[in-house]
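Colleague: Pasting the sequence and the predicted model now:
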Amino acid sequence: MKYYPDQRIVSRLSTIHRECLLPDEAFGAVRVHEGQKVEVRDVVANGQIPARHIIIEAAEILGLRDKSAVSRLLLVKSNQVIDADTAIAGKRKDRGKRVFAPVRGIVVAVSGGRIIMQEMPELVNVEAGVAGRVIQVYPERGVAVEAVGSIVQGVWGNGRTIIATLRMEPEQDLRRLIQESLDIQYKGAVMVMINPLTPDLIPLLEEGNINGVIAPSMPATMIEQAMQSNIAVMLTEGFGQLRMAGQVFNLLKEYDGYQVTLDADVPGRWTSRRPEAVINRPIDERPPGLNLNASLKTGLRVRITRPPHLGQIARIQDLPNQPIELPNGLRVAGARVELISGEVVNIPLANLELAGR
């Protein structure tokens, strides 16, 4: 029986298909056509996310019994664009009980003691993220682009996307370097770290104007902190105190100084997308594309996803028809794999994922 494992691609050279789409809630237009060549920074689609309407209980905030009095205490004009935290109602703009705008937007109505504001729509530009050719257009949504390059997929991301220069973590102590003055080559860059990300590092990276970080792991308690950060964060190994796999680190190190697209997409229950870093390779040859529906077979490289060999890259030697026996005595469907050290061990199929090529 064939077994189709999860895949987390780490590929030095492959033909990549990348979808560049507007958010689901946005509406807009595609700016390129099928067959057109695009560069990394080219805008392939743009649009806007519809504005929210926000109801403010103004009479309650101002302590008014007569709810109709709110309209007389309005401090701004209807349809006038106002910034967040601007006083919009009250006896005076500078003191006393006042109602403040919770967002940047316009007042569209005053009724029943309530002020209704409409937030300004968010404009969205979608960049290609890779240098390649448009192979499909999704009307009003975006495009699919085919490119040649290296790709490293992660296990978790905080939902940010950034296009920047890839830089390896400096050999000097990063904390001290940022506090003294981070080298100009790191400004705006995506930094690769071989050791786990820690809570104190995110504020330091923000202070040093680092725009993205590729780290092996971080404590699960940091999820909220990472989600709120404006830095794109991708983990290559998972949560905890895991070091970056040598294969991943060496591939990224090879492209120190190259432009990288870090798409730290948040893995979800209903999507197969993974966070990924893509580095374009300007070559004439067209390598094979990624086989996203491959089954396990002898000779393939796999990554082990559970202790005691967590994160190690191995090669499948045999896929026995009969269950294998584990050290704890359990018998499960598994594979015999050879580790980089040369040791051959039995691993459950459920603890393997394809690691690209």
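Modeller: Nice, I can see it. Numbering: from 1, shown residues only.

Colleague: use CA for all of it now, contacts and neighbours both
Modeller: Will do.

Colleague: Give me the next element, helix or strand, following the helix or strand of the chain with the lowest mean pLDDT.
Modeller: Taking mean pLDDT, DSSP states H and E as the measure, helix 174-181 is the helix or strand of the chain with the lowest mean score, a mean of 64. As assigned by DSSP states H and E, the chain's next helix or strand after helix 174-181 is strand 190-192.

Colleague: Please state the mean pLDDT value computed over that following strand.
Modeller: Strand 190-192 shows an average pLDDT of 94 in the prediction.

Colleague: And Gly157, what's its pLDDT?
Modeller: According to the model's per-residue confidence, Gly157 sits at a pLDDT of 93.

Colleague: Sorry, slip of the keys, the one I care about is Gly356.
Modeller: At Gly356, the pLDDT value in this model is 58.

Colleague: Over to Gly289?
Modeller: Note on Gly289: pLDDT of 59.

Colleague: do the same with Ala69
Modeller: At Ala69 the predicted local distance difference test score is 91.

Colleague: Asp6 now?
Modeller: At Asp6, the pLDDT value in this model is 69.

Colleague: do the same with the one 5 residues further on
Modeller: In this prediction, Ser11 carries a pLDDT score of 83.

Colleague: ok, it - how many residues close by?
Modeller: By other C-alpha atoms under 10 Å, 20 other residues sit near Ser11.

Colleague: Check Gln80 too.
Modeller: Here the number of neighbours of Gln80 (other C-alpha under 10 Å) works out to 11.

Colleague: check contacts around the nearest residue to it once chain neighbours are set aside.
Modeller: Nearest-residue entry for Gln80: Ile106, 5.5 Å, with adjacent residues in sequence omitted and distances by C-alpha to C-alpha, 6 or more residues apart in numbering. Under the criterion of C-alpha atoms under 8 Å, 6 or more residues apart in numbering, the contact list for Ile106 reads 78-82, 117-120.

Colleague: Recalculate using a threshold of 6 Å.
Modeller: Shown here is Ile106, whose contacts under the criterion C-alpha atoms under 6 Å, 6 or more residues apart in numbering are 79-81, 117-118.

Colleague: is it fair to say it lies in a strand?
Modeller: Yes. The assignment for Ile106, made by DSSP: H, G, I helix; E, B strand; the rest coil, places it in a strand.

Colleague: Can you give me the pLDDT of it?
Modeller: Here, the pLDDT recorded for Ile106 equals 92.

Colleague: How much space separates it from Ala84?
Modeller: With distances defined as C-alpha to C-alpha, to the nearest Å, the gap from Ile106 to Ala84 amounts to 10 Å.

Colleague: Just the helices from the stretch 201-350 of the chain, written as ranges.
Modeller: Under the criterion DSSP state H, counting those that start in this stretch, the stretch 201-350 of the chain carries helices at the ranges 201-207, 223-228, 246-254.
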